[in-house]
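S.K.: Got a sequence here, can you model it:
(one chain, ligands or ions: 1)
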Amino acid sequence: MTSQYDPKIIVPLDYANAATAMQFVGRVDPSLCRLKVGKELFTAEGPRFVEQLIKTGFDVFLDLKFHDIPNTVAQACKAAANLGVWMVNIHALGGRKMMETTREALSGLSQRPLLIGVTILTSMDATQLAEVGLNPDPAAMVGRLAALAKDCGLDGVVCSAQEAAQLKAQHGADFKLVTPGIRPADAGLDDQSRVMTPEAAIQAGSDYLVIGRPITRADDPVAALMRIRDAIAQN
Ligand SMILES: O=C(O)c1cc(=O)[nH]c(=O)n1[C@@H]1O[C@H](COP(=O)(O)O)[C@@H](O)[C@H]1O
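M.R.: Just a heads-up that it's a prediction; the model follows:
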C-alpha cells in the first residue's frame, strides 16, 4: 500500500509500548509522515499493532533488518508482506543469495512491500568498520553493497544521506534511498556517526528521511515534525 500523499519523512516509533507510540500517532495523520516500527516496539507489541497502524491509513515501514540464511529471510519478508506493510528491510551484508531468494519470494504476491537493503549502519564510522574487518571507507562499502542490492532486484537501500548523491548518480531516480542519521543543525548526534541536515539530505537526493529522536524526544513532537516538513518544503 502506498499513501496518496507521499510524505518524505518517516518517523520511527522507537517507543517502549503501543500506548506511548499512540500518544504521537494520535496527533498526526498519513498526509504528514510515514511510520516505522522497529525492533523495540515490534518485540513489545507484535504484528497486531502493525496491522492496527496500517488500518488507520499509515504507510508502515517494518524495520526488522533481517539477516539470516536465505530461506529464513525470504519467509520472514513474506510474513511482513502479509501484514500489508509498505516497506521492509534486510541486511545487504547477508549476501546475493539471501537478497535474490527474498526478492523472488515476494515477486508472486499481488501486493508486495518495497524491499530495501541496509548497507552500512549510519552509526558506523571508519574506526568501527575497520574493527569488524570491513573497508574503513564508508562510501566505498555503501557503494559496493548498494550495487549488489540493485543487481539482486531490490527496490533501494538504507544509507546515510552523505552517500545519497553518489548513489543517485549511479543508480538513477527509481532506486529508492532511505536515509536515517538525519539531524537538524541544532540537534545532538546521539549514537549516529554519518549525519546530515534534513535540507541537505533532500538536496543530495534522499527519497525518504528517517527522523527519530529530533522529533520523538522533542517537547512537542508534532511541532518538531512540522518544523522539519516546512524546512524541506522550501528546497
Ligand atoms: O534501517 C534503519 O531504519 C536504520 C538504519 C541505519 O543505518 N541507521 C538507523 O539509524 N536506522 C534507524 O533509523 C532510526 C534513527 O533514529 P534517530 O537516530 O533517533 O533519528 C532508528 O530507528 C534506527 O533503528
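
S.K.: number of nearby residues for Pro30?
M.R.: A count of neighbours around Pro30, defined by other Cβ atoms under 10 Å, yields 16. All C-beta spots, glycine's among them, are computed from the backbone N, C-alpha and C.

S.K.: Tell me who's in contact with the most centrally placed residue in the chain.
M.R.: In the chain, the residue lying closest to the centroid (Cα atoms, centre = their mean) is Val178, at 5.1 Å. Taking Cβ atoms under 8 Å, 6 or more residues apart in numbering as the criterion, Val178 is in contact with 10, 61, 87, 89, 116, 156-159, 206-208, 210.

S.K.: which of those residues has the most neighbours?
M.R.: Neighbour max across those (other Cβ under 10 Å) = Cys159, 33 neighbours.

S.K.: where's it relative to Gly26, distance?
M.R.: 32 Å (Cβ to Cβ, to the nearest Å).

S.K.: How far off centre is the one helix or strand the residue nearest to the centre of the chain maps to?
M.R.: Assigned by DSSP states H and E, Val178 belongs to strand 176-179. Strand 176-179 has its C-alpha centroid displaced from the chain centroid by 7 Å (Cα atoms, centre = their mean, to the nearest Å).

S.K.: try stretch 208-221
M.R.: Centroid displacement of stretch 208-221 relative to its chain, using Cα atoms, centre = their mean, is 14 Å.

S.K.: Just the buried residues of it, please?
M.R.: Across stretch 208-221, burial judged by 16 or more other Cβ atoms under 10 Å covers 208-216, 221.

S.K.: Run through who's touching that stretch.
M.R.: So stretch 208-221 is contacted by 8-15, 24, 27, 34, 36, 61, 158, 161, 176-180, 182-184, 187, 190, 198, 201-202, 224-225, 228, 232 (Cβ under 8 Å, 6+ apart).
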